[in-house]
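Asks: Everything below, folded, please.
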Amino acid sequence: MSEAIAIKDEIFRRLEREPFEPFQIVLASGDCYEVTNPHLIAIGESVGHVMLPRSDAYQVLRLSQVTAINALEPAA
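Replies: Numbering: from 1, shown residues only. So this is what the prediction gives:
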């Protein structure tokens with residue numbers, strides 16, 4: 001459980017950066033989700049909800065399945 005807390009803290013740190021820097025969340029399955037806007041992600045106790053680009057859909061992520069958080073290049 002402590003790993004999920006560390007991941008959650010890291011996500012919050014990245015969301016609070018000024019200026020915001022886009023990042024990618026990588027799951028154990030290999031699936032990747034880009035967070036390009038801090039207002040398009042919600043983090044709970046054990047799950048996160050990420051809005052998918054160009055749609056009204058979202059993906060639910062189990063924080064215990066997050067294996068990496070990578071910086072993305074800012075959009076030009």
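Asks: C-alpha from now on. contacts and neighbour counts both.
Replies: Noted.
Asks: by contact count, what packs against the helix or strand bottoming out on mean pLDDT in the chain?
Replies: Sorting the helices and strands of the chain by mean pLDDT, DSSP states H and E puts helix 2-16 at the bottom, at a mean of 87. Using 3 or more CA pairs under 8 Å, 6 or more residues apart in numbering; DSSP states H and E, the elements in contact with helix 2-16 are strand 66-71.
Asks: got a list of contacts for the strand it packs on?
Replies: With CA atoms under 8 Å, 6 or more residues apart in numbering as the test, strand 66-71 has contacts from Ala4, Ile7, Ile11, Glu21, Pro22, Phe23, Gln24, Ile25, Val26, Leu27, Ala28.
Asks: so what's the fourth one up against?
Replies: Spelled out, that is Glu21. Arg14, Leu15, Thr36, Ala71, Leu72, Pro74.
Asks: Show me how far the least confident helix or strand of the chain is from its chain's centre.
Replies: Between the centre of helix 2-16 and the centre of its chain there are 9 Å (CA atoms, centre = their mean, to the nearest Å).
Asks: Can you give the strand pairings for whichever helix or strand comes after it, parallel or anti for each?
Replies: Proceeding N to C from helix 2-16, the next assigned helix or strand is strand 23-27, under DSSP states H and E. Applying DSSP bridges, strand 23-27 is found paired with strand 32-35 (antiparallel), strand 66-71 (antiparallel).
Asks: And Leu40, how close does it get to Leu15?
Replies: Counting by CA to CA, to the nearest Å, the separation of Leu40 from Leu15 is 10 Å.
Asks: next one: Glu45
Replies: 16 Å.
Asks: And Val26, by the same measure?
Replies: For Val26, the distance to Leu15 - CA to CA - is 16 Å.
Asks: Also Ser46?
Replies: Ser46 sits 17 Å away from Leu15, going by CA to CA.
Asks: In terms of packing, which of the two has more residues around it?
Replies: Between Ser46 and Leu15, counted using other CA atoms under 10 Å, the more crowded position is Leu15 (19 against 14).
Asks: Near the closest residue to that one other than its chain neighbours, how many other residues are there?
Replies: Of all residues not flanking Leu15 in the chain, Pro38 sits nearest, at 5.6 Å (CA to CA, 6 or more residues apart in numbering). Neighbours of Pro38 under the rule other CA under 10 Å: 17.
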